[in-house]
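1. pasting the structure only:
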């Protein structure tokens, strides 16, 4: 992605974050095939989960709030050999002007009330569901806006303790 307006502060979204963007999609000849601005409605999706084309999943995570960028997506990062008839021909490289409005973490609460929002900054390694007796290291950073409030790391054996 190449930024048009890149002087914006703040973090970038991570995989699983809900993002809100405005976009205009064009073929390389300039033909507009879709635009959220024409509908006057932000487009919302969970980034990094395959809900959008691969080029968006990879490009959107580099953008900050308020940034406007051009994402140029080769066919293998867009709709591939099949295209998306009738508006997008097969093997088309596409250009999207994308404006990042907002993003927020994945809601981890049972009530989906936004009480706990998770943003993955580094994908974990090892088992996704460790068994009892496994050595576990958990690290977290608590932030408010761009300010780091707390950073901790703890190690424990799963199943020991109260």
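-> Thanks, I have it. Everything numeric here is computed off the predicted structure, so don't read it as measured data.
2. rest of the way, CA atoms for contacts and neighbours
-> OK.
3. just the helices in the protein please.
-> 36-39, 54-59 (DSSP state H).
4. Serialize these to a markdown table and add fields for mean pLDDT, mean neighbour count and distance to residue 153.
-> As requested, the helices of the chain are exported to a markdown table (pLDDT from 0 to 100; neighbours: other CA atoms under 10 Å; distance: least, CA to CA, whole Å):
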| stretch | mean pLDDT | mean neighbour count | distance to residue 153 |
| --- | --- | --- | --- |
| helix 36-39 | 96 | 12 | 42 |
| helix 54-59 | 97 | 19 | 29 |
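5. and those as a markdown table, adding distance to residue 25?
-> As requested, the helices of the chain are exported to a markdown table (distance: least, CA to CA, whole Å):
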| stretch | distance to residue 25 |
| --- | --- |
| helix 36-39 | 9 |
| helix 54-59 | 12 |
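6. of all these, which lies closest to residue 67?
-> Among the helices of the chain, the nearest to residue 67 by CA to CA is helix 54-59 (12.2 Å).
7. which helices and strands does the closest one pack with?
-> If you count contacts as 3 or more CA pairs under 8 Å, 6 or more residues apart in numbering; DSSP states H and E, helix 54-59 packs onto strand 68-73.
8. average pLDDT for stretch 147-161?
-> Predicted confidence along stretch 147-161 averages 87 (mean pLDDT).
9. got it, and stretch 75-93?
-> 97.
10. about what we covered before: and the helices of the chain: which comes nearest residue 131?
-> Nearest to residue 131, of the helices of the chain and by CA to CA, is helix 54-59 at 31.6 Å.
11. bridged to residue 46, which residues?
-> residue 18 (DSSP bridges).
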